[in-house]
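Chemist: following is a predicted model, sequence given first.
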Amino acid sequence: MPRSDSKLSIYIHIPFCTVRCGYCAFNTYTDLEHLIPDYVDALCSELAFVAIDVRDQPVHTIYFGGGTPSLLSPRHFEQILCQVNGLFPVDHDAELSLEANPDDLSEAYLRDLQRLGFNRLSIGMQSANAAILQMFDRQHDLASVGAAVSCARRATFDNINLDVIFGSPGETLTDWKETVQALLGFSPDHISTYGLELKGGTQLRKQVDAGELPRPDDDVFADMYDFASAALATAGYDQYEISNWRRPGKECRHNLQYWRNLEYIGVGAGAHGFFGGCRYSTIASPARYVAALKNGVSGGKHTAPTPAVAKSVEVSVADDMYETIMMGLRLTQEGINRANFRRRFGCDFVDAFRDATEKLTAAGLLIATEKNVVLSESGRLLSNLVIREFVEQIKL
Ligand code: SF4
């Protein structure tokens with residue numbers, strides 16, 4: 001696959017948390033904070049390996065995700081960002097995001113982050129309901145979310161996202177309405193609402209499977225999504241992705257890179273990346289990640305020039321088409337851009353998927369225009385079904 005001429009994004013994974021949340025399936029570890037200084041050195045080393053391949057492709061977004069990136073000190077971020085800025089051509093107006101737990105955010109800490117160039121915060125609120133936060137094993141309460149947002153505003157952050165989760169075991173529509181009202185009371189610039197996924201291996205999944213907690217109800221789930229969509233629109237938020245709403249100009253540019261299926265570098269333990277026509281992932285264990293970068297040895301079979309890469313797969317045209325459709329359909333306004341699709345694959349989307357497009361359009365799940373193909377409002381809750389119709393036509 002030819003190298004993309006679009007700008008590049010960098011994802012930096014920080015795999016440390018003080019407590020593991022009951023719903024969490026991310027690559028993150030508790031009781032490993034003592035590794036942080038060595039881990040930061042290893043990140044800087046990995047970035048140097050990656051930069052050899054990137055050359056002069058401009059970087060327009062940098063995203064620290066986790067785990068809990070807000071466990072790092074300003075000095076750690078300074079070390080990493082000095083390395084990034086020294087190695088890559090970073091745009092002067094690049095988006096620099098940090099995922100954070102509310103309890104970690106003092107005004108002094110946030111002022112330090114501002115000084116280092118951070119311009120976007122994503123704070124894990126998750127719920128306004130104390131019992132749900134307890135069920136999730138979250139360590140904060142609603143008041144600490146408000147305090148974190150106030151500190152961030154005083155530190156002059158003007159791009160704050162709040163993450164919330166709906167559809168948790170036993171959560172009623174009334175509970176969810178209270179969470180949405182509390183969320184709107186904080187007046188964030190961006191909102192992400194995720195339906196709870198009971199992923200295998202998580203504590204919540206085990207409790208639901210064992211009958212200790214009620215299994216979430218699909219109908220209530222749909223009602224919650226509809227309520228949030230209406231309430232956020234009424235409050236002036238613009239939906240641009242199945243789970244994401246923005247104030248004008250406050251869309252997450254980093255996540256748009258994923259949804260547009262454009263290239264990004266992923267560094268850190270258990271990070272994923274898409275670069276040079278390959279999708280790759282790195283060694284998951286922080287200790288083995290640090291050791292691999294110290295020793296400069298390979299973590300496994302790979303073609304990428306970094307010792308942290310554990311797996312790397314060349315992306316076939318069929319895989320690339322699948323990703324482009326699956327991610328593009330998440331974008332509720334932009335959808336699959338037909339001109340971009342033609343440039344990338346040499347064929348028109350509607351011509352290539354005429355039967356599925358006509359069937360889904362007639363069912364009221366899809367809207368196809370000259371410019372793009374998007375899910376209808378009712379298609380958003382059935383996006384898996386829509387994607388399956390297209391995927392069946394791609395020979396994966
Ligand atoms: S804070 Fe985030 S990454 Fe850490 S355990 Fe909770 S959900 Fe997972």
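Modeler: Cool, got the structure.

Chemist: buried ones in stretch 172-187?
Modeler: Within stretch 172-187, the residues that count as buried by 16 or more other C-beta atoms under 10 Å are 175-176, 179-180, 182-184, 186. Where C-beta positions appear, they are placed from N, C-alpha and C, glycine not excepted.

Chemist: which of the three states applies to residue 25?
Modeler: Three-state call for residue 25 (DSSP: H, G, I helix; E, B strand; the rest coil): coil.

Chemist: for it, what are its contacts?
Modeler: Counting by C-beta atoms under 8 Å, 6 or more residues apart in numbering, residue 25 touches 197, 199-202.

Chemist: show me how to select, in ChimeraX, the buried members of those.
Modeler: Selection of buried members from the contacts of residue 25 for ChimeraX, criterion 16+ other C-beta under 10 Å:
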select :202
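
Chemist: any chance of the contacts of residue 25 in TSV, plus distance to the ligand?
Modeler: Shown next, in TSV, are the contacts of residue 25 (distance: C-beta to the nearest ligand atom, whole Å):
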residue	distance to the ligand
197	12
199	11
200	15
201	12
202	9
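
Chemist: residues in the stretch 51-200 of the chain within reach of the ligand, list them.
Modeler: Proximity of the stretch 51-200 of the chain to the ligand, by C-beta under 6 Å from any ligand atom, involves residues 66-68, 101.

Chemist: what's the helix or strand for residue 169?
Modeler: Using DSSP states H and E, residue 169 falls within no helix or strand.

Chemist: where does the closest residue to it other than its chain neighbours sit: helix, strand or coil?
Modeler: Among residues not flanking residue 169 along the chain, residue 213 sits closest, at 3.9 Å (C-beta to C-beta, 6 or more residues apart in numbering). The local conformation at residue 213, judged by three-state DSSP, is coil.

Chemist: do you know how far residue 73 is from residue 290?
Modeler: Distance of residue 73 to residue 290, given as C-beta to C-beta, to the nearest Å: 18 Å.

Chemist: looking at the two, which is more packed in?
Modeler: residue 290 (22 against 14; other C-beta atoms under 10 Å).

Chemist: phi, psi of that one?
Modeler: Main-chain torsions, residue 290, degrees, to the nearest 10: phi -60, psi -40.

Chemist: can you show me the strands along the stretch 151-300 of the chain?
Modeler: Remark: strands assigned in the stretch 151-300 of the chain by DSSP state E, counting those that start in this stretch are 160-166, 190-195, 238-241, 244-246, 264-267, 272-275, 278-282.

Chemist: would you convert those into a markdown table that also reports distance to residue 350, mean neighbour count and mean pLDDT?
Modeler: Output for these, formatted as a markdown table (distance: least, C-beta to C-beta, whole Å; neighbours: other C-beta atoms under 10 Å; pLDDT from 0 to 100):
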| stretch | distance to residue 350 | mean neighbour count | mean pLDDT |
| --- | --- | --- | --- |
| strand 160-166 | 34 | 23 | 98 |
| strand 190-195 | 30 | 21 | 97 |
| strand 238-241 | 22 | 18 | 98 |
| strand 244-246 | 26 | 23 | 98 |
| strand 264-267 | 28 | 24 | 97 |
| strand 272-275 | 26 | 20 | 96 |
| strand 278-282 | 27 | 21 | 95 |
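
Chemist: thanks a lot, catch you later.
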